[in-house]
Structure formats: C-alpha cells, structure tokens
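A.B. asks: When you get a sec, could you give me coordinates for this:
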Amino acid sequence: MTDGLTSVLFVCLGNICRSPTADAVFRQRVQARGLEGRIRVDSCGTAPWHVGKPPDPRSVAAARARGYDLSPLRARQLCWEDYFDFDYLLAMDESNLEVLRREAPLDYAGHIGLLLDFAPEATEREVPDPYYGEGDGFVRVLELVEAASEGLLAEIARREQS
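C.D. replies: Sure, this is the predicted structure:
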C-alpha cells in the first residue's frame, strides 16, 4: 500500500498448504503477464505452528505437477504490519477471514475477503484445507486457486483503470 504496487496477501491457517499454493499460482500468473513490477504477492498463516518451515510436501508435489514452484516459500504468521503493507488480504476460509477482520485496524482501507469471491463460477466459497486428506485435496486446491487467480487479476486490472 505504501510502495505504489498493488499488493496481495493470501492467508490460511498454517501457511503450508493453501496460501503458499495461492502465492505460487498467482505469482506465476502475474509474471506471465509481465506485471511483477506492479503487483506484489505474499502469503501467511494466522497460526504460528509452522513458521519458518517449507510448504507441505504434498502441496509441493501437486504444484510441481502443474508447473508451479513452492520451494522458495517459507511459512510466516500474519502480523500487524500486513494491514499496512497489503491492499488485498484474501483468506482461504471463513475461519481465517474472521481472524483477519477481527484483528484489522479500524482504518484499514484495503480489501479483506475470501479468495474464492474472485471465482464466481466456483461452487465452493472456501478453499478446503487438504492437510488431513489425500492427494486429490491438494489438486482441488490448485483448481480453485487457478480459477480465483484469473478473477483477481481481472479485478486488479479493473481497479487500476478506474
């Protein structure tokens, strides 16, 4: 919000499955369109359990199979400064959305919402947490994030034009 870039922060619980997947997918879409000088991307979790750890190996494998690289990412926890540094705080589910809203400063002027709000064709409103499931859950996360990424890029382009 302070550097002239549009900034997007993807948020889940532990920052090892859903939000790093969204980070990598959206970052690749931004780079493919030559927008890396205009859009900044990051991810975090609302809980501290995995701080400093790489993404879940199942997330890494599912992403790699579709051409995304999660390997440089490390988990971090949401912090107060994020509200001043990011235009979009996008939660993967209602629980994390509630944390974002509850902890937001009263004067936060950015957008706090669900990532899947940018995927109107999706039948879900939440990106399901695949952590306790099998490999197909990680693929579903990718499908949902890919759909929402296109909608989010369109929204950012629309806002920049107005």
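A.B. asks: in the chain, what spans have low per-residue confidence?
C.D. replies: In the predicted model of the chain, residues 1-3 satisfy pLDDT under 70.
A.B. asks: That one: strands as residue ranges?
C.D. replies: Per DSSP state E, the chain carries strands over the ranges 6-12, 39-45, 88-91, 111-114.
A.B. asks: Put together TSV for those, with mean neighbour count on each row.
C.D. replies: For the C-beta atoms, the positions are set from N, CA and C on the backbone; glycine is no exception. Formatted as TSV, these follow (neighbours: other C-beta atoms under 10 Å):
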stretch	mean neighbour count
strand 6-12	26
strand 39-45	23
strand 88-91	26
strand 111-114	17
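A.B. asks: Distance to residue 151 for the ones you listed - can I get that in JSON lines?
C.D. replies: As requested, these are exported to JSON lines (distance: least, C-beta to C-beta, whole Å):
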{"stretch": "strand 6-12", "distance to residue 151": "12"}
{"stretch": "strand 39-45", "distance to residue 151": "14"}
{"stretch": "strand 88-91", "distance to residue 151": "11"}
{"stretch": "strand 111-114", "distance to residue 151": "12"}
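A.B. asks: Looking at the ones you listed, spot the one closest to residue 32.
C.D. replies: Closest approach to residue 32 among the strands of the chain (C-beta to C-beta): strand 39-45, 11.7 Å.
A.B. asks: which helices and strands does the closest one pack with?
C.D. replies: Using 3 or more C-beta pairs under 8 Å, 6 or more residues apart in numbering; DSSP states H and E as the contact test, the elements touching strand 39-45 are strand 6-12, helix 18-32.
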